[in-house]
Every structure is written in structure tokens, then in C-alpha cells.
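Visitor: Pasting the sequence and the predicted model now:
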Amino acid sequence: MKIIKRVAVYIAVTLLSIAVVLVFANWKIPHDTKDWLYNDVDSIPPQKVALVLGASKHIRGGLPNPYFDNRIAAAHELYVADKVKAFVMSGDNGREGYSEPEDMRDALVALGVPDSIIYLDYAGFRTLDSVVRMNEIFGQDSFIVVSQKFHNERAVFLAQYYGHTAYGYNAKDVALGRVSYKTIVREKFARVKVFVDIILNKQPKFLGEPVEIK
């Protein structure tokens, strides 16, 4: 019986600890970034470069991914409003025939944005990688991040932790459904991972040669 009680106490303490960390992470990140996120393109401070965070162009079944489409639309809004001079499209390029940066570039070019002002970051495997590489590779310590609000909160928090000035321009969110519910749950734990990565001093998977943004 003593062993059972000890195991029960251990499980209870572990679950309580996880709950506390989840609550803290999901309070701290939105709290610290709320004044740096914008829904109105006219209000966001202009920057030289916008970092567009990657998403798959399609979801399972080959249907268009609304997260992708809305991020491209938001990036285009920044361009039309003359809020940025260049874009870094950062995403996963880890397998043959799949390239989030190239898909995002092609979609933005299709809306009339010149290819010459779009730079591709093929090693944006995680939000941390994309944010750190903005300075380490692309030489930017002040920029706009383009994604949905929940994602911008985490990206801007990370950017500020690494000493950068980052503003988030919120793309339109996605109506609640099977895909969005999974994303919301994943995001709750991704925010905990932010603090784990900070404690462990996690670094990007790849760095590489600097890229000059003209």
C-alpha cells in the first residue's frame, strides 16, 4: 500500500507541475507581447523586412491550408501599405518535393510582389530557428513577424528574448474546426517548449553563410 500511495503522490505532483507550467507559459507569452501585436496594417510601425513564418500549402486530402493562405494575404497587405521593403519566407524544406519557403514565395509573387525583394530561409524548421536566423543569417535585429496571432505571440516573445525588436502582424485566424483545434492544443505545449529551449540554450538546427538584404 505504501508503494501505491507513493506512486499516486508522485503522479499527482507531476500532473500538478505540468498544469502549473502550462498555465504560466500560456499567460506569460501573451502578456509580454500584447503591445507588440497589430491587427491594423495602418498602425504597425514600418520595418525594412517582414518574416513570414512557414506553413504547409495544403492540408491532408490536398485541400488549401487556410493558415497558409491567410499569412500570404497578410504579407501582401504589408507590401501594399508600404510597411516593408523585403520579405524573408522561412519554413521547412526538409524533404524532397516539399518547400514551404518556395510555396510562400510563389504565392506572394502571384499577388504582384516582386521576386527580387523576397528572400528564402530554407532552414526555418522551428519558430526559434526562424527568429534567430533573422539576425544571424539575414542581419536583421528589428522586423515584423507575419503569422496568426497565437503564433506571433510566441515568435515575438522569442525575438525579444534574443534581444531583437519584433512586431507581429496578425493574419486572419482560422474558424474552429478539426484542423484549428489540433493547432490550438499543439500551441499550448509549444509555449511550454519555449521555456524549455531557453533553459537548455537551444540553438537553430542550421546556420550558414550571411545573406545581405538590400
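Guide: That came through fine. Numbers count the residues shown, from 1 in each chain.
Visitor: does Val146 really touch Leu51, like I thought?
Guide: Yes - using Cβ atoms under 8 Å, Val146 and Leu51 qualify as a contacting pair, with a distance of 6.8 Å. Heads up, the C-betas are built off the backbone N, CA and C, glycines and all.
Visitor: SS state for Leu51?
Guide: Look at Leu51: counting by DSSP: H, G, I helix; E, B strand; the rest coil, its state is strand.
Visitor: Show me what counts as buried in the longest helix along the chain.
Guide: Identified as the longest helix of the chain according to DSSP state H is helix 2-33. Neighbour counts over helix 2-33 (16 or more other Cβ atoms under 10 Å) mark 25-26, 29-30, 33 as buried.
Visitor: next one: whichever strand or helix holds Val196 to chain centre, how far?
Guide: Element membership of Val196, judged by DSSP states H and E, is helix 178-200. Centroid separation for helix 178-200 versus its chain: 11 Å, with Cα atoms, centre = their mean, to the nearest Å.
Visitor: Make residue 1 into 347 and carry on from there
Guide: Yes, from this point I'll number from 347; that puts the last item at helix 524-546.
Visitor: Quick check: buried residues in it?
Guide: Within helix 524-546, the residues scored as buried using 16+ other Cβ under 10 Å are 525-526, 529, 533, 536-538, 540-541, 543.
Visitor: Same check on stretch 378-387?
Guide: 379, 382-384.
Visitor: Off-centre distance for it?
Guide: Stretch 378-387 sits 14 Å away from the centroid of its parent chain (Cα atoms, centre = their mean).
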